[in-house]
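J.: give me a 3D structure for the following:
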Amino acid sequence: MIALYIILGILLLFIVVGLLRLGAFFEYSQEGALLFLKVAFVKIQVFPEKEKKKKSRKKKSSPPQKEKPPKSKRSIGETAKRVKAVIPTVVQALNRLRIRLKINRLTVVYTIASDDPADTAIKYGRVAAATDWLVPALNSAFNIKKCLVHTETDFVESEDRIYLCADVSIAVWELIYILLKLDFKAIMNLF
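T.: Next comes the predicted model:
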């Protein structure tokens, strides 16, 4: 009976871990880029890295390294054949990832800045024409909950600005499903 409880406990643990969502939050503006990775309710700042306190370490003399025999180099044709064999597997995995990835929020704000109103209007027309197709294309390619693509004008500043913000997530079980469908033999054949 105890073995049954242990098996049920392990199964329940796998189900709970599988339902957790892995996520990333990316933001880019004039101040720079910012990237957080999220696991359930825990956020980890990846970029820019937090400054760590430097500890003074004593340098140890390293033992002499043994020389490794040189690896045989492959020809370009052989490498191209190996890469060509892996392409369908990678495309299939990326397509599955595209379908399973959930974009909770996507924001793109492009601010056109110029002192000349006529120049600003011409730039605005070009940018608006270029971004009008962006929202339907993104919605058809990805699972997006909220999408905002916006163009603004600024007659005070002299440089254009862009603001990007994306909040994406995927469930652990979906990621495991994608990894299980990969053809590892073809990928390992590259190396």
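J.: contact partners for residue 123?
T.: 112, 114, 160 (CB atoms under 8 Å, 6 or more residues apart in numbering). Heads up, the C-betas are built off the backbone N, CA and C, glycines and all.
J.: with the residues you listed in mind, which one is nearest to residue 135?
T.: residue 112 (18.3 Å; CB to CB).
J.: so that closest one makes contact with residue 125?
T.: No. At 9.9 Å, residue 112 and residue 125 do not qualify as touching, with contact defined as CB atoms under 8 Å.
J.: shaky segments in this protein?
T.: By pLDDT under 70, the low-scoring segments of the chain are 50-76, 183-187, 189-191.
J.: which residue lies nearest the spatial centre of this structure?
T.: residue 24 (7.2 Å; CA atoms, centre = their mean).
J.: mind giving me the packing neighbours of the helix or strand containing that residue?
T.: Per DSSP states H and E, residue 24 falls inside strand 21-29. Contact partners of strand 21-29 among helices and strands, from 3 or more CB pairs under 8 Å, 6 or more residues apart in numbering; DSSP states H and E: strand 32-39, strand 161-171, helix 172-181.
J.: before we move on, back to that, most surrounded residue in the contacts of residue 123?
T.: The most crowded member of these, judged by other CB atoms under 10 Å, is residue 112 (22 neighbours).
J.: which non-adjacent residue is nearest it?
T.: Spatial nearest neighbour of residue 112, excluding adjacent residues (CB to CB, 6 or more residues apart in numbering): residue 123 at 4.7 Å.
J.: how far away is the one you found from residue 110?
T.: 10 Å (CB to CB, to the nearest Å).
J.: between these two, what contacts are shared?
T.: Joint contacts of residue 123 and residue 110 (CB under 8 Å, 6+ apart) are residue 160.
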